[in-house]
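S.K.: Would you be able to build a 3D model of this:
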Amino acid sequence: AFYIVISYFAVKKAKFGQYLLAAVALLPITIQQVASLSYDVFFFLSIFCAFSYATNLWTRKEPLKLKDWLILLGLSVFLYISKASAISMILLFAILPTALLGENFFAKWLETFWQFWKKHKILASVGLTLIGLAITAVGFRNYGGLSAGLQIIFNTFGRPDINPQLDPLVTDGMIGNFSWFIFKLPSWLIMLNFAFLGLLSFYDKDIQLDTRVPVSSVIIFVVNLIVTGFVLFSTWTVASLQKADTSWIEGLQGRYYTPFLVLLSPIGVYLSKYFKISITQNHLKKLFIFVTSFTLIYSLVLFVLYFYFYDGGRMVIPTIWQKIRDMFI
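M.R.: Below you'll find the model as predicted:
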């Protein structure tokens, strides 16, 4: 009930990305987590609320008031107490339009700062790359350093032949991998949902965003991949499984990244300047209802078959057919 109420207002108050936010909030893996005794209820909601409020600030013109600063503080605390990886969403508040800060020296200095990096994109890319390498080197300093860390990250996220969990638990797991990973949605339905989320991200093409917004969205998602991977490597792969000499990270799950799929929205808004995708509000609404409903119903059918049929539903159709025949013969 808490999740339904808060996610409803997060979607309702968002200035753009509403369909994408609602679709992520209704993914089968999301529903499974929030319907259980998982702290992911707060994890998902903190990210949804932060994203929703950020869309309001990105499209705003007038300076921030005391109420806005209090909301920002409250959301920052919400992100902090929900899960460590959620804190990265604070970056969305650090890149707000400088006009929101009013007319003062700091606002003018900050605008000059952003304009410098906007003008020197190559230098900014090099700087971000070096920061990423530094984070990786520090994170894996006790496990082989930078080169070993890069190899482990590449094997984990880019080599399904080395990491057997990459596709079923991480990639597919962002949409639907259920119940201790015993069963999941079929890959064709998961691919359909990923394509659907991508389509939704292009819908708000009339929104004007500064380049740093989609860039920051990419940074947040990539940083979460690396940081979450390192945390699990040190706490689970090495500490629990005693596999310090392994070449990939064990224990990763797609649900760690599911709520961050809302960051596709600013990326899609930016890319919509180069790709023309036209769909009416009415058709988008019908498509949204069909895809989300079909996916949820399909996942519920899998749950019922697995948990409520003695054979896991392997022979459910012949069984039902036989019972129908017995009624009339």
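S.K.: how deep is residue 168 tucked in, by neighbour count?
M.R.: Using other CB atoms under 10 Å, residue 168 has 15 other residues around it. Yep, even glycine has a C-beta here, placed from its N, CA and C like the rest.
S.K.: Looking at it now. What's its pLDDT?
M.R.: For residue 168, the pLDDT comes out at 91.
S.K.: Tell me which residues touch it, please.
M.R.: 177, 181, 184 (CB atoms under 8 Å, 6 or more residues apart in numbering).
S.K.: Find me the pLDDT at residue 319, would you?
M.R.: Confidence score, pLDDT, at residue 319: 85.
S.K.: Equivalent analysis for residue 205, please.
M.R.: So residue 205 comes in at 69 (pLDDT).
S.K.: Likewise for residue 231?
M.R.: pLDDT, residue 231: 89.
S.K.: where does the stretch 1-150 of the chain dip in pLDDT?
M.R.: Residues of the stretch 1-150 of the chain meeting the criterion pLDDT under 70: none.
S.K.: how near is residue 277 to residue 164?
M.R.: 35 Å (CB to CB, to the nearest Å).
S.K.: Which of the contacts of residue 168 has the largest number of neighbours?
M.R.: Top of the contacts of residue 168 by neighbour count (other CB under 10 Å): residue 177, with 25 neighbours.
S.K.: Test my guess that residue 152 contacts residue 234.
M.R.: No - assessed by CB atoms under 8 Å, residue 152 is found out of contact with residue 234, at 11.2 Å.
S.K.: what's the residue nearest in space to the middle of the chain in contact with, if anything?
M.R.: By CA atoms, centre = their mean, the chain has its centre lying nearest to residue 260, at 2.0 Å. Residue 260 sits next to 47, 220-221, 224 when contact means CB under 8 Å, 6+ apart.
S.K.: Which positions within stretch 113-127 qualify as buried?
M.R.: 117, 124 (16 or more other CB atoms under 10 Å).
S.K.: of residue 152 and residue 234, who's got more company?
M.R.: A count of neighbours by other CB under 10 Å puts residue 152 above the other of residue 152 and residue 234, at 24 against 16.
S.K.: Sticking with that one, tell me its helix or strand.
M.R.: helix 145-158 (DSSP states H and E).
S.K.: Could you find the closest non-adjacent residue to residue 140?
M.R.: Among residues not flanking residue 140 along the chain, residue 149 sits closest, at 3.1 Å (CB to CB, 6 or more residues apart in numbering).
S.K.: correct me, but the one you found touches residue 136?
M.R.: Yes - with contacts counted by CB under 8 Å, residue 149 reaches residue 136, the gap being 4.5 Å.
S.K.: quick one: common contacting residues for the two?
M.R.: In contact with both residue 149 and residue 136: residue 230, using CB under 8 Å, 6+ apart.
S.K.: Longest helix in the chain, by number of residues?
M.R.: Ranked by number of residues, the top helix in the chain under DSSP state H is helix 281-308.
S.K.: Can you mark which positions in it are buried?
M.R.: Result for helix 281-308 [16+ other CB under 10 Å]: buried residues 288, 291-292, 295, 299, 302.
S.K.: Kindly reformat the residues you listed as CSV containing pLDDT and distance to residue 76.
M.R.: Converted to CSV, the buried residues of helix 281-308 look like this (pLDDT from 0 to 100; distance: CB to CB, whole Å):
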residue, pLDDT, distance to residue 76
288, 95, 31
291, 96, 33
292, 96, 30
295, 96, 33
299, 94, 33
302, 92, 38
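S.K.: from these, which is closest to residue 77?
M.R.: Residue 77 lies nearest to residue 292 out of the buried residues of helix 281-308, by CB to CB, at 31.1 Å.
S.K.: residue contacts, that closest one?
M.R.: By CB under 8 Å, 6+ apart, the neighbours of residue 292 are 22-23, 26.
S.K.: What's the first helix or strand after the longest helix of the chain?
M.R.: Taking DSSP H and E, what comes next after helix 281-308 is helix 316-328.
S.K.: That following helix packs against which elements?
M.R.: Helices and strands touching helix 316-328, by 3 or more CB pairs under 8 Å, 6 or more residues apart in numbering; DSSP states H and E: there are none.
S.K.: Contacts made by that helix with the rest, please.
M.R.: 305, 309.
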